[in-house]
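# Quick one: sequence plus predicted model below, questions after.
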Amino acid sequence: MRPILTNRRAAFSLIPFTFVPTAVARKRQPSGDPQRPGPKPAAGGKSSPTAAAAQGCSLGVRRVPGDNAWELVHPPCAEERADDLAEVEQMLDAGEAEIAREELRWLLEGCRDLLAAHRLLGEIALEEGDAKLARAHFGYAFQLGVDALAQAGDPGPLLYQRPANQGFFQAGKGLAWSFQQLGQPDKAREIAERLLALDPADALNFRTMLASIDSTPRQPPGG
């Protein structure tokens, strides 16, 4: 049984060392540069967002009211695209990865800090077995959160239980898993330890990932 990601793929907590790409392989299509999404096809009557619409769409962080914890604040352009992201989730449920990928690229044209879109592109690459591409997409999403925290002075804790934080943690786990698959366990460890420090409750089983890293024999240089 293959792991499931995000809400319908709740076994995101299991992917670091047991993930196996879907048995019914989705047709792979060149995804291009994850930081430079291509234009959305004109089909469907939607027009591409203007460059002006993408201005000021940056991720932030705030203290949770009445609590000592913190949460990410997603830009207004992300909130405006919530329904579109829900449609993408439905496309992925239906196995329409290529259409979902184009939709995500289009959404990113008007909201470059749409963390969920970068994460979903990483999940598509992960399910297709492309660890390098998954690393690029997950890395972009993860870095958005890292930068937002750095600008706020690296506050904490940042709890996974807060819905606004979950995509960041999921992207971090996907990134760590990708590094592990690519033979870079030290980078995987760095990410897992950072996210554990932000939320020791460990909803995504980072301690299990760290144990897997420790139990995996290191290859000698040049091996």
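Alright, I've got the coordinates. This one's a predicted model, so the numbers in the text were calculated from it and none came from an experiment.
# Now do the end-to-end distance for stretch 177-185.
9 Å (CA to CA, to the nearest Å).
# For that stretch, give the mean pLDDT please.
Taken as a whole, stretch 177-185 has a mean pLDDT of 95.
# And that stretch, how far out from the chain middle?
16 Å (CA atoms, centre = their mean, to the nearest Å).
# Show me which residues of that stretch are buried.
177, 178, 179, 180, 181, 185 (16 or more other CB atoms under 10 Å). To be clear about C-beta, it is placed using only N, CA and C from the backbone, and glycine gets the same treatment.
# Please narrow those residues to those residing in helices.
177, 178, 179, 180, 181, 185 (DSSP state H).
# Between the buried residues of stretch 177-185, which sits nearest residue 112?
Nearest to residue 112 among the buried residues of stretch 177-185: residue 178, at 21.2 Å, using CB to CB.
# Test my guess that the closest one contacts residue 141.
No. At 11.8 Å, residue 178 does not count as touching residue 141 under the criterion of CB atoms under 8 Å.
# in this structure, which spans are helices?
So, for the chain - with DSSP H - the helices run 15-18, 76-80, 82-93, 97-110, 115-127, 131-151, 163-181, 185-198, 206-215.
# Could you tell me the model confidence score at the closest residue to residue 197 other than its chain neighbours?
Distances taken as CB to CB, 6 or more residues apart in numbering place residue 156 nearest to residue 197, at 7.1 Å, with adjacent residues excluded. At residue 156, the model reports a pLDDT of 96.
# State the distance from residue 156 to residue 61.
10 Å (CB to CB, to the nearest Å).
# Kindly report the same for residue 183.
Distance from residue 183 to residue 61, by CB to CB: 33 Å.
# coming back round to it: residue 156 and residue 61: who's more crowded?
Ranked by neighbour count (other CB atoms under 10 Å), residue 156 and residue 61 place residue 61 first, with 20 against 12.
# Looks like that one contacts residue 149 (just checking).
Yes. Residue 61 lies in contact with residue 149 (CB under 8 Å); the separation is 5.8 Å.
# Give me the common contacts of these two.
155, 158 (CB atoms under 8 Å, 6 or more residues apart in numbering).
# Which phi and psi values does residue 94 adopt?
phi -90, psi 0 (degrees, to the nearest 10).
# Under the pLDDT cut-off, which ranges of this structure? List them.
Within the chain, the stretches with pLDDT under 70 are 1-57, 219-223.
# The same query, at a cut-off of 50, please.
1-14, 16-56, 223 (pLDDT under 50).
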